[in-house]
Structure formats: structure tokens, C-alpha cells
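Visitor: how does the following fold in three dimensions:
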Amino acid sequence: MSITVRIPSPLRRITKGEGEVNLQCETLAQCIDGLEARFPGIRERLCDEEGELRFFVNIYLNGEDIRFLNGLQTAVASGDEVSIVPAVAGGNS
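Guide: Numbers count the residues shown, from 1 in each chain. Modelled structure (predicted):
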């Protein structure tokens with residue numbers, strides 16, 4: 001199934017400037033595998049040593065946070081859009 005993955009600016013140096021990638025996968029975990037195969041080193045930016053999504057990385061499937069779905073085991077369908085969004089910190093001092 002072909003899905004579109006939107007890559008945020010901070011990760012584009014790993015993807016050689018690509019802001020959007022099309023992949024064939026059935027789950028979000030396979031999606032990350034596909035990204036890693038194409039762009040070595042991206043997995044460590046997204047997942048911790050146990051293979052879980054890092055707390056400062058948010059992934060949305062068609063606008064819905066995957067933490068409220070089945071996490072990385074969430075199934076994807078052809079035409080789905082996946083957005084990787086790094087958490088933004090800040091505030092008043």
C-alpha cells in the first residue's frame with residue numbers, strides 16, 4: 001500500500017532535502033523500516049533503543065495522533081498520509 005510520509009525540516013538533512021516520501025507498507029512500524037532502508041540513521045531520531053517512539057516525536061496518521069491508535073502497530077491503507085512532527089519546546093522565562 002502506498003502511503004505518503006511528510007518529513008519535518010529538522011529531519012530533511014537525513015532525507016537529502018526530501019519533504020515528502022512515498023512508501024509501501026502495512027503498518028507504521030514497517031513505514032519506519034522503509035524510511036530507515038532509504039535514509040539510514042532516521043530510525044534513531046524517531047525511536048528509542050527499545051524501538052518505541054521517542055517522547056519528543058509525534059506521528060500523525062491522517063491527522064490523528066498514533067499514540068491514541070495502536071502506536072507503531074497501527075495499520076495503514078493506500079493513500080494514507082503520515083506526518084512526523086517533532087515536539088516544540090519553549091515558553092516564558
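Visitor: got a list of what the residue positioned nearest the centre of the chain touches?
Guide: Centroid check for the chain by CA atoms, centre = their mean gives Ile84 as the closest residue, at 4.3 Å. Ile84 makes contact with Val5, Arg6, Ile7, Pro8, Leu11, Leu46, Val57, Asn58, Ile59 under the criterion CB atoms under 8 Å, 6 or more residues apart in numbering. Any C-beta I mention is one placed from the backbone N, CA and C, and that applies to glycine too.
Visitor: swap in Pro8?
Guide: Per CB under 8 Å, 6+ apart, neighbours of Pro8: Ile84, Val85, Pro86.
Visitor: and the last one, how many neighbours?
Guide: As a burial measure, Pro86 scores 15 neighbours (other CB atoms under 10 Å).
Visitor: nearest to Val76, of the contacts of Ile84?
Guide: Within those, proximity to Val76 (CB to CB) peaks at Val5, which comes in at 9.9 Å.
Visitor: touching, the closest one and Ile32? I think so.
Guide: No. Using CB atoms under 8 Å, Val5 makes no contact with Ile32, being 9.3 Å away.
Visitor: can you list the residues that contact the helix ranked longest in the chain?
Guide: As assigned by DSSP state H, the longest helix anywhere in the chain is helix 28-38. Helix 28-38 is contacted by residues 3, 5, 15, 21, 23-25, 42-43, 46-47, 51, 59, 61, 66, 71-74, 76, 82 when judged by CB under 8 Å, 6+ apart.
Visitor: sorry, back to before: by neighbours, which of the contacts of Ile84 wins?
Guide: Among the contacts of Ile84, Val5 has the most neighbours (other CB under 10 Å), with 24 neighbours.
Visitor: what does the pLDDT read for that one?
Guide: What the model reports as pLDDT for Val5 is 97.
Visitor: downstream of the strand or helix carrying it, the next helix or strand is which one?
Guide: Counting by DSSP states H and E, the element that carries Val5 is strand 2-6. Once strand 2-6 ends, the next helix or strand along the chain (criterion: DSSP H and E) is strand 20-24.
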